[in-house]
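Asker: got a predicted structure here, sequence first:
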Amino acid sequence: MILGIESSCDETAAAVVRSGRHLLAGVVASQIALHSPYGGVVPELASREHLRSVLPVTRAAMEKAGLAYQDVDAVAVTSGPGLAGALLTGVSFAKSLAWALGKPLIAVNHIEGHIHAVLLEESERASRDVEFPVLALVVSGGHTHLFLAERRGTSWHYRNVGHTRDDAAGEAFDKTAKLLGLGYPGGPVIDRLARFGDAKAVKFTFAQLKHSARQTSKRAAVANEDGPRFDFSYSGIKTAVLRHVELHEMFPAIEERHHALMSIAKPTDEDYRGLCDQHTLDLIASFQAAVVGDLTKRTLAACEEFGVRTLLVTGGVAANSALRASFEKQGARRGLRVCFPSRGMSTDNAAMIAAAAYPKFLAGEFAGMDLTAEANLKLR
Ligand code: KG4
Ligand code: ZN
């Protein structure tokens, strides 16, 4: 019975998972309303809000699971990557709790958590076990990573075979939405508005990224990241959207939209749509189609290179309808099994942290009381 705690960005979450595969209770307190006026996460505000929420959220999860603290076998916590102050709140809380209960503490990498969000739900569904080789695309506000995942005994091991060289895909969604006056977070709004626009209206192109093994840096080679790579880049498309906006003098309308949306407490889909002209909807649809197309193309090229049998697509952007449809269609064409988490499990939560901790529990991989937050923690 593992209690998981997550506080790496703008969600405070606690969950209890039994044997790594049965979610007993999960509670998520989102800070979206707090950060929304700023068009992005404000780190200092995030830390303070985690501090306020972590205990009530944990109590709520324990109550929902119908457990007493002594029923818990270990406390797992996200130790990185993420915002240092935000992570530190969860880490300090989990350490205190584990120490007070005399239970082991387990440190979990947030990215590994996203991968286990899919594995948890796959095993809950009691469907077939995943077939190896397994490739995971972790695509969120902070990450766009490709990992080959391997299971040795009960432990999981990862090899990074691709990452973004600049912005993460979710960051591109968020920055584009902010630029168009649509608020934060941008992904869900763009997802809902894109269906009303013409995805072929604006043409976006992506740079060719060179990946030969010889070109990888010494540091990457040392980190066992040599070999074929499938990197991404999403800062260019953000600039291209900005150019389009400047060229078509869209700023006055954007300003108006921004103010109108700020005056509505909880804008509905109709509010958003009513405040966007067809040109804007077309731009949104074209942006989404371009990002989805690029993510699909590069990921499937990696699947082909490594003879992948199962593809896990996870992280906040995996909630995107067009992304899901694209991978499902292309995967089916290639006989590739593609697994997504449910939408609620795509974005940050603590069930994925508790699930990722289970193999570490079995292997006795416990953290000491000197555990600290690591903003740039790498996954191996
Ligand atoms: O995994 P997550 O909750 O936090 C990070 O680890 O970053 O992901 C949040 C990101 C945000 O950038 C958000 O805009 C994006 O996921 N996102 C979406 C959708 N829902 C959330 N992006 C595209 N379409 C969506 N439906
Ligand atoms: Zn995340």
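Answerer: All right, it came through fine. Ligands and ions are numbered 1, 2, ... in the order given.
Asker: just the strands from the protein, written as ranges.
Answerer: Here the chain has its strands, by DSSP state E, at 2-6, 11-18, 22-30, 74-80, 105-109, 134-139, 144-152, 155-163, 310-314, 337-339.
Asker: in a markdown table: the ones you listed, plus distance to residue 118 and mean neighbour count.
Answerer: The way it works is simple: take the backbone N, C-alpha and C, and place the C-beta from them, glycine included. Output for the strands of the chain, formatted as a markdown table (distance: least, C-beta to C-beta, whole Å; neighbours: other C-beta atoms under 10 Å):
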| stretch | distance to residue 118 | mean neighbour count |
| --- | --- | --- |
| strand 2-6 | 16 | 31 |
| strand 11-18 | 14 | 27 |
| strand 22-30 | 13 | 19 |
| strand 74-80 | 17 | 27 |
| strand 105-109 | 15 | 24 |
| strand 134-139 | 8 | 28 |
| strand 144-152 | 10 | 20 |
| strand 155-163 | 12 | 18 |
| strand 310-314 | 4 | 26 |
| strand 337-339 | 5 | 20 |
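Asker: what sits against the closest residue to ligand 1 within the stretch 151-300 of the chain?
Answerer: Of all residues in the stretch 151-300 of the chain, residue 187 sits closest to ligand 1, at 2.1 Å by C-beta to the nearest ligand atom. Each residue near residue 187 by C-beta atoms under 8 Å, 6 or more residues apart in numbering is listed here: 141, 170, 173, 174, 177, 316, 317, 319, 320.
Asker: are stretch 298-314 and ligand 1 in contact anywhere?
Answerer: No - using C-beta under 6 Å from any ligand atom, stretch 298-314 stays clear of ligand 1, with a minimum separation of 8.3 Å.
Asker: before we move on, back to that, from the contacts of residue 187, which two are the most distant?
Answerer: In terms of C-beta to C-beta, the contacts of residue 187 reach their longest pairwise distance at 177 and 319, which sit 14.4 Å apart.
Asker: save the strands of the chain as CSV, and put in mean pLDDT and distance to residue 97 too.
Answerer: Listed next are the strands of the chain as CSV, based on pLDDT from 0 to 100; distance: least, C-beta to C-beta, whole Å:
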stretch, mean pLDDT, distance to residue 97
strand 2-6, 98, 8
strand 11-18, 98, 10
strand 22-30, 97, 15
strand 74-80, 98, 5
strand 105-109, 98, 9
strand 134-139, 98, 27
strand 144-152, 96, 29
strand 155-163, 96, 25
strand 310-314, 98, 27
strand 337-339, 96, 32
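Asker: can I get those strands in CSV with distance to ligand 2?
Answerer: Formatted as CSV, the strands of the chain follow (distance: least, C-beta to the ion, whole Å):
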stretch, distance to ligand 2
strand 2-6, 8
strand 11-18, 8
strand 22-30, 12
strand 74-80, 9
strand 105-109, 11
strand 134-139, 8
strand 144-152, 11
strand 155-163, 15
strand 310-314, 9
strand 337-339, 17
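Asker: mind giving me the domain ranges of this protein?
Answerer: Listed domain ranges for the chain are 2-129+344-363, 164-308 (source: automatic domain parsing).
Asker: need the per-residue pLDDT for the residue nearest the centre of the chain.
Answerer: Compute the mean C-alpha point of the chain, and by C-alpha atoms, centre = their mean the closest residue is residue 315, 2.7 Å away. Per-residue pLDDT puts residue 315 at 97.
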